[in-house]
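**Student:** predicted structure and sequence below. I'll ask about it afterward.
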Amino acid sequence: MTELNNIALKILSNGKGILAADESTGTMTKRLEGVNVKSTVENRLLFRETLFSSDSMKSCIGGVILYDETIKQNSNLKKSIPELISNSGAIPGIKVDTGAKKLALSNNETITEGLDGLRERLKEYYDLGARFTKWRGVFKISTKNNLPTHEAIKANAHALGRYSALVQEANMVPIVEPEVLMDGDHDIDTCYQITKTVLEETFYQLSNNNLKLDGIILKPNMILHGSSNEGKNENKQIAEMTLNCLKESVPKEVPGIAFLSGGQTELEATKNLNLINKYNDTSFIMTYSYGRALQQSALKFWSKDIKNIKGTQNIFNHRAKMCTLAAQGKWSEELESK
């Protein structure tokens, strides 16, 4: 068992999942302003520190993805943020891409940037305490415009491959996130086909870059109808199609899969993860890497009184516990009200 495999398993094992707290300042500003809280450095830190010092960090959260601003901050407890996370038993991680930009001469497709200077940034993040990283490639489906194109899929998968190689060189675990967006009126079968194509190209590029696949974590989307499609997302169909897609596309050496929530509600993301685990007949650990689906209720509660740390933590602890039960196939709707 390699050192990178050990890190990946520590993050994902025993129902633990990943808290995605890597919102850029712009995204976090939208979230805070959406609940009428001013987006200041102090307020962004206070909310995140409230989550990072909660009890569920010990029992439910295996890793936390941070943003550049946050990994360099000190908590009000006079510890660095990575130290606060590490002391809970979780592993600090860092988002290293610089965002999706327009792919030149394309029909509004995107390419994720951030490879320039990445080797040097990885050394800095390692010294700050990070032991895993994240990079997100974004793929938008449009049946009308035949998107995503092969060029966009290949360009983003190639970037994911180059990023991952640099991360393993720096002795960290890369989270590989090829996200097929929910946005659009496409049906669930189209989502399946596009996701399968994206995953196959991604693993082709990882192989070309000599990746040790037992030292990565895959962060894919679930297989769903597009958000503006009239079809109803049935949990059983989502679970079965998601599992089939992964079995067809992901090499067995990959230790674990941490799903993104991708715009699902907290309840939807929990319910679908639970059923995926009930049906899981693979060797893959299937867990969560949720942002909004872990934080949204806590953020709404916190916004009413940002000094009510304990109350906010209770809300977050409940959501994290529900997700961790779902990652073990042990969740039920009745537990939501307990």
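**Tutor:** The structure has been received and is ready for your questions.

**Student:** count the residues that sit near the closest residue to Ser80 other than its chain neighbours.
**Tutor:** Distances taken as C-beta to C-beta, 6 or more residues apart in numbering place Asn74 nearest to Ser80, at 5.4 Å, with adjacent residues excluded. From N, CA and C alone the C-beta is placed, and that goes for glycine too. The number of residues packed near Asn74 is 13, by other C-beta atoms under 10 Å.

**Student:** dihedrals phi and psi, Asn74?
**Tutor:** phi -100, psi 140 (degrees, to the nearest 10).

**Student:** contacting residues for the most centrally placed residue in the chain?
**Tutor:** Geometric centre of the chain, nearest residue: Ser289, 3.8 Å, by C-alpha atoms, centre = their mean. Ser289 sits next to 17-18, 20, 65, 175, 217, 219, 258-260 when contact means C-beta atoms under 8 Å, 6 or more residues apart in numbering.

**Student:** can you pick the most crowded of the residues you listed?
**Tutor:** Ile18 (31 neighbours).

**Student:** where does it sit: helix, strand or coil?
**Tutor:** strand (DSSP: H, G, I helix; E, B strand; the rest coil).

**Student:** what residues are up against it?
**Tutor:** Per C-beta under 8 Å, 6+ apart, neighbours of Ile18: 11-12, 61-65, 93, 175, 217, 258, 287-290.

**Student:** if we can go back for a sec, where does the residue nearest to the centre of the chain land in three-state SS?
**Tutor:** strand.

**Student:** what's across from it in the sheet?
**Tutor:** Listed by DSSP bridges, the beta-bridge partners for Ser289 are Ile18.

**Student:** pull up the gap between it and Leu9, please.
**Tutor:** 15 Å (C-beta to C-beta, to the nearest Å).

**Student:** what about the closest residue to Arg121 other than its chain neighbours, neighbour count?
**Tutor:** Excluding its sequence neighbours, the residue lying closest to Arg121 (C-beta to C-beta, 6+ apart) is Val96, at 6.4 Å. If you count neighbours by other C-beta under 10 Å, Val96 ends up with 24.

**Student:** go on, the one 4 residues further on?
**Tutor:** One way to gauge burial is a neighbour count; for Ala100, by other C-beta under 10 Å, it gives 19.

**Student:** start at 2, not 1
**Tutor:** That works, and once the first residue is 2, the last one we named lands at Ala101.

**Student:** tell me the bridge partners for it.
**Tutor:** With DSSP bridges as the rule, Ala101 is bridged to Thr113.

**Student:** quick one: pLDDT of it?
**Tutor:** In this model, Ala101 is scored at 97, pLDDT.

**Student:** what's the farthest-apart pair in the contacts of Ser290?
**Tutor:** Using C-beta to C-beta, the pair of the contacts of Ser290 lying farthest apart is Ile66 and Phe260, separated by 13.9 Å.

**Student:** mind listing the strands for the stretch 52-201 of the chain?
**Tutor:** Assigned by DSSP state E, counting those that start in this stretch, the strands in the stretch 52-201 of the chain fall at 62-67, 92-96, 101-103, 111-113, 133-140, 174-181.

**Student:** so which of those strands is nearest Lys301?
**Tutor:** Comparing the strands of the stretch 52-201 of the chain by C-beta to C-beta, strand 62-67 comes nearest, at 19.9 Å.

**Student:** report the angle between the closest one and strand 133-140.
**Tutor:** 70 degrees (axes from the mean of the first three to the mean of the last three C-alpha atoms, to 10 degrees).

**Student:** Leu116 contacts Leu161, doesn't it?
**Tutor:** No. Judged on C-beta atoms under 8 Å, Leu116 makes no contact with Leu161 at a distance of 10.4 Å.

**Student:** between the two, which has more neighbouring residues?
**Tutor:** Leu161 (28 against 16).

**Student:** per-residue confidence for that one?
**Tutor:** For Leu161, pLDDT reads 98.

**Student:** same check, this time on Met2
**Tutor:** 66.

**Student:** quick one: the residue nearest to the centre of the chain from Arg137, how far?
**Tutor:** 11 Å.

**Student:** try Asn273
**Tutor:** In terms of C-beta to C-beta, Asn273 sits 20 Å off from Arg137.

**Student:** same check, this time on Asn77
**Tutor:** For Asn77 relative to Arg137 (C-beta to C-beta), the value is 30 Å.

**Student:** quick one: which of these two has more around it?
**Tutor:** Arg137 (21 against 13).
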